[in-house]
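Visitor: have a look; sequence and predicted model below, questions after that.
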Amino acid sequence: MASTAWRPRLRVGPVIRTVPGSVMAPACGFGRAAGSRSVFVGLPGPGQPGAGSRRLERMEAWEFGRTVRRWRDRVAPETVGVPVGRRRRASGLRREELAALAGISADYLTRLEQGRATAPSAQVVESLARALRLSDAERDLLYRLAGHAAPGPDVVPSRIPPSVQRLLDRLSHTPVVVYDASWTLVLANAPYDALMGETTTWRGLERNAVWRNVARLPSRVVHTRQEQAEHEARLVADLRLTASRYPADRALRRLIADLASGSPRFAELWDAETPPPLSDPSRRKTIKHPEVGPITLDCDTLFVALDDLRITVYTAAPGTEDADRLALAVVLGTQSLSQVGVQGPRLDGV
């Protein structure tokens, strides 16, 4: 005889439709006491992705790409330094032009716009926002669509505001490099790469100037041993000040931990009690260029206070032999970069 014992029935919850950016109420209402939570058998619980959440992720990835494409179409090429030919049909930026400006490959940008690449890093998002000249609100939206929280005031900023970007545009034929407050590379223009060597292959710690110096990575800048030691001390001292301004920045804490574990020289300087030597805001540097020989230049570092950026500019007095060598180095370097299709740091998947 079959058992007549009571068996629980599977309870199925109300259907909830999710729209990106909002949460809609259940199709049929159920009363619930404040602070209580219903858990239905057969439905994904908290932290368990279900079909709906996966669809939402796909929709957000698709919306990210569609938004990038829409903003790409509205950017006038001449406003971002892209030459416009007579037979140009596109009113905005071509895909390969935006990819070059953002420092990513055209193939990766294609996959982003089509929703086939769904996890752009915060660094890629920031580079796209900078290349598209987005407003603060648009930049924050792009971060959210990529699944990232927009950087807040307690995080080292890496944004180049429009006013600073216009300044950089005017220096497009001058070697310029931009670092954030942790001395991590934000932007190096084509003349800088032509003078100093390509930055396009740098990854991880290699993009940090403190690491490149304390680890003594190859550099075209000629320093005496004393000059190099003083330069390292000033960089580490500045990074210590940055850490005091952004104590809640987890990425900054990880950077400092990586530097300390990877470089005894950094650990020594970080714990040093003696103040570093004072630096001259304008000093001359000699660059040993492999094709044109040594070039002695004025090296000026400008600080953007509100955005906590460091902009280093390399110039030579007009009419000098160094000015001629610098011009030749820039021409030779930018020609070789354009031949291989490289215009900026490649951030694909970073």
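Guide: Sure thing, it's come through.

Visitor: which SS state does the spatially most central residue of the chain fall under?
Guide: Centroid-nearest residue in the chain, with Cα atoms, centre = their mean: residue 123, separated by 3.1 Å. The three-state label given to residue 123 by DSSP: H, G, I helix; E, B strand; the rest coil is helix.

Visitor: ok, it to residue 129 distance?
Guide: 11 Å (Cβ to Cβ, to the nearest Å). C-beta: built from backbone N, CA, C; applies to glycine.

Visitor: repeat for residue 121
Guide: Relative to residue 129, residue 121 is positioned 13 Å away (Cβ to Cβ).

Visitor: look at the two and report which has more neighbours.
Guide: A direct count of neighbours by other Cβ atoms under 10 Å for residue 121 and residue 129 places residue 129 higher, at 24 against 14.

Visitor: and the longest strand seen in the chain, which strands flank it?
Guide: When the chain is parsed with DSSP state E, its longest strand is strand 293-304. As defined by DSSP bridges, the strand partners of strand 293-304 come to strand 282-289 (antiparallel), strand 309-315 (antiparallel).

Visitor: can you redo the ones you listed as TSV with distance to residue 249?
Guide: Formatted as TSV, those follow (distance: least, Cβ to Cβ, whole Å):
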stretch	distance to residue 249
strand 282-289	29
strand 309-315	16
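
Visitor: residue 168 is in contact with residue 178, correct?
Guide: Yes - using Cβ atoms under 8 Å, residue 178 is in contact with residue 168, at 7.3 Å.

Visitor: need the residues touching each of the two.
Guide: Shared contacts of residue 178 and residue 168, defined by Cβ atoms under 8 Å, 6 or more residues apart in numbering, are found at 160, 187, 311.

Visitor: can you count the residues close to the last one?
Guide: Spelled out, that is residue 311. For residue 311, the count of nearby residues is 20 (other Cβ under 10 Å).

Visitor: next: the one 4 residues further on.
Guide: Other residues near residue 315 number 16, with proximity taken as other Cβ under 10 Å.

Visitor: likewise for residue 313?
Guide: Counted with other Cβ under 10 Å, residue 313 comes out at 19.

Visitor: which strand residues bridge it?
Guide: Taking DSSP bridges as the rule, residue 313 bridges to residue 176, residue 300.
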